[in-house]
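In: below are the sequence and a predicted model; questions follow.
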Amino acid sequence: MATIMEKDVLLELVSYSLAMLHNKSNSDERTDSERALCSLKHKLINTDFNDIDYKATTTRIKQLGAM
């Protein structure tokens with residue numbers, strides 16, 4: 001369960017990770033990590049904050065951003 005502010009933090013973290021991956025990439029095509037982060041961002045936007053596992057989602061974002 002996450003709070004409204006934690007949901008906002010997760011969305012910011014996803015956006016930051018996407019930006020960092022995009023800046024590292026020399027290609028115009030999206031990587032698997034970028035696709036997964038985009039999908040996660042859409043899921044977060046459409047999910048009620050009470051239904052989000054903050055710790056698990058944070059870990060997932062960090063894993064995808066580090067790839």
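Out: Perfect, I can see it now. Residues are numbered from 1 along each chain as shown.
In: okay, which residue is most central for this protein?
Out: Per C-alpha atoms, centre = their mean, the C-alpha nearest to the average position across the chain is that of V14, at 2.9 Å.
In: helix or strand for that residue, which one?
Out: According to DSSP states H and E, V14 maps onto helix 4-24.
In: after that helix, next one along is what?
Out: Next in sequence after helix 4-24, counting helices and strands by DSSP H and E, comes helix 32-46.
In: give me the angle between that next one and helix 4-24.
Out: Interaxial angle of helix 32-46 relative to helix 4-24 (axes from the mean of the first three to the mean of the last three C-alpha atoms, to 10 degrees): 160 degrees.
In: could you list the buried residues of helix 32-46?
Out: Neighbour-count burial for helix 32-46 flags 33-34, 36-37, 40-41, 44 (criterion: 16 or more other C-beta atoms under 10 Å). Glycine gets a C-beta too; all of them are placed from N, C-alpha and C.
In: nearest to M5 among the residues you listed?
Out: Using C-beta to C-beta, L44 comes nearest to M5 of the buried residues of helix 32-46, at 13.3 Å.
In: list the buried residues in the helix or strand encompassing K55.
Out: For K55, the element it lies in under DSSP H and E is helix 54-66. For helix 54-66, the neighbour count (16+ other C-beta under 10 Å) marks 57, 60-61, 64-65 as buried.
In: in a markdown table: these, plus distance to A2 and pLDDT.
Out: Listed next are these as a markdown table, based on distance: C-beta to C-beta, whole Å; pLDDT from 0 to 100:
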| residue | distance to A2 | pLDDT |
| --- | --- | --- |
| T57 | 8 | 97 |
| R60 | 13 | 96 |
| I61 | 13 | 95 |
| L64 | 18 | 92 |
| G65 | 19 | 84 |
